[in-house]
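**Student:** Sequence isn't available, so here's the structure alone:
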């Protein structure tokens, strides 16, 4: 069979893009033809390890000034225009390559136009919708509601919804968008992780002598960076060989929000790397001592999955689908979302107990290898595709 995937950006890097990359490789290994479509500044088609990549160039109507000052308006318009161009490209690929089914994420509403006309079965995979993010962010734009409605329209009119967690499926049910959804958790490509051993994050950042507590993700409130910031002083207090590292994009305001929580004597022990290539990010996860996922919401976090695959002890918010991955004190530690004091206590416990840290990491690795690989994810998804095609 042949499949098309419409996604929101890079081939690999963000959670959704990592999912598409992992799924495409897994389906290709199982003998299927896969096409991936994503927006770009250039129009091109090429092959990457047997997967066909289609980059779509399109120009939103609004200028860069509008984008800067009215981000919500630009976001809504950008989603709408991209969905039209994605629809045209998908129709062309269906005609030229005989695609059997198309999948798109809820995020970015790339399948909006396709969901309304449906020339081919369309699966929308739920990751984290904008409507949910907007409800948790401090600053809300009315235009974000419009952009979110585009995503929800694609979900409502799709042939099927696949949710990456039971928690997200329940969210969609509560909003009366889908009464039923298939559940397929994300899975990691273990070969990609195992082969990524040429780069040393600690060496590149000159952090070899130190233990690392790691946060991976942009400094956005939904990712809970402020929760870790408030816990940082307590974590650093009696651990002089420790550094807390933030890997991901940030702006001046979010960085200052972190630093205002940090005592003067500890400011030099907080590291901001900015966004890194995927290989460097994975190296940071591989070499850290503790991985913290303090998000206000996660459906099926790729950062957590990758950390577990590397056998890392993880401290995560008990929110969304995180307790579908992590069982407290069995393969990681969970804390009540937003409680910085409890987060600090959990991290300190792991820093002071090497045996517990190793045991949790070993159990986490075993769980990933037996239940959360990209091949398992692909095989479960194929069963759903077959139901829709036949």
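**Tutor:** That came through, no problem. As the structure is a computational prediction, the values presented were derived from the model and not from experiment.

**Student:** rest of the way, CA atoms for contacts and neighbours
**Tutor:** OK.

**Student:** Return the set of buried residues in stretch 81-89.
**Tutor:** Applying a neighbour-count criterion of 16 or more other C-alpha atoms under 10 Å, one finds 81-87, 89 buried in stretch 81-89.

**Student:** export these to JSON lines and tack on distance to residue 211, pLDDT and secondary structure?
**Tutor:** As requested, the buried residues of stretch 81-89 are exported to JSON lines (distance: C-alpha to C-alpha, whole Å; pLDDT from 0 to 100; DSSP: H, G, I helix; E, B strand; the rest coil):
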{"residue": "81", "distance to residue 211": "46", "pLDDT": "83", "secondary structure": "helix"}
{"residue": "82", "distance to residue 211": "44", "pLDDT": "84", "secondary structure": "helix"}
{"residue": "83", "distance to residue 211": "45", "pLDDT": "88", "secondary structure": "helix"}
{"residue": "84", "distance to residue 211": "49", "pLDDT": "88", "secondary structure": "helix"}
{"residue": "85", "distance to residue 211": "47", "pLDDT": "84", "secondary structure": "helix"}
{"residue": "86", "distance to residue 211": "45", "pLDDT": "87", "secondary structure": "helix"}
{"residue": "87", "distance to residue 211": "48", "pLDDT": "90", "secondary structure": "helix"}
{"residue": "89", "distance to residue 211": "48", "pLDDT": "87", "secondary structure": "helix"}
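
**Student:** would you turn those residues into JSON lines with distance to residue 154?
**Tutor:** Formatted as JSON lines, those follow (distance: C-alpha to C-alpha, whole Å):
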{"residue": "81", "distance to residue 154": "14"}
{"residue": "82", "distance to residue 154": "13"}
{"residue": "83", "distance to residue 154": "10"}
{"residue": "84", "distance to residue 154": "13"}
{"residue": "85", "distance to residue 154": "15"}
{"residue": "86", "distance to residue 154": "13"}
{"residue": "87", "distance to residue 154": "12"}
{"residue": "89", "distance to residue 154": "17"}
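
**Student:** now the strands for the stretch 251-390 of the chain?
**Tutor:** When assigned using DSSP state E, counting those that start in this stretch, the strands of the stretch 251-390 of the chain occupy the ranges 270-274, 290-293, 313-317, 333-335.

**Student:** I figured residue 124 hits residue 107, correct?
**Tutor:** No: proximity of residue 124 to residue 107 does not meet the contact threshold set by C-alpha atoms under 8 Å, at 9.4 Å.

**Student:** Which of the two has more residues huddled nearby?
**Tutor:** Set residue 124 next to residue 107 and count neighbours by other C-alpha atoms under 10 Å: residue 124 wins out with 28 against 25.

**Student:** May I have the secondary structure class of the more buried one?
**Tutor:** strand (DSSP: H, G, I helix; E, B strand; the rest coil).
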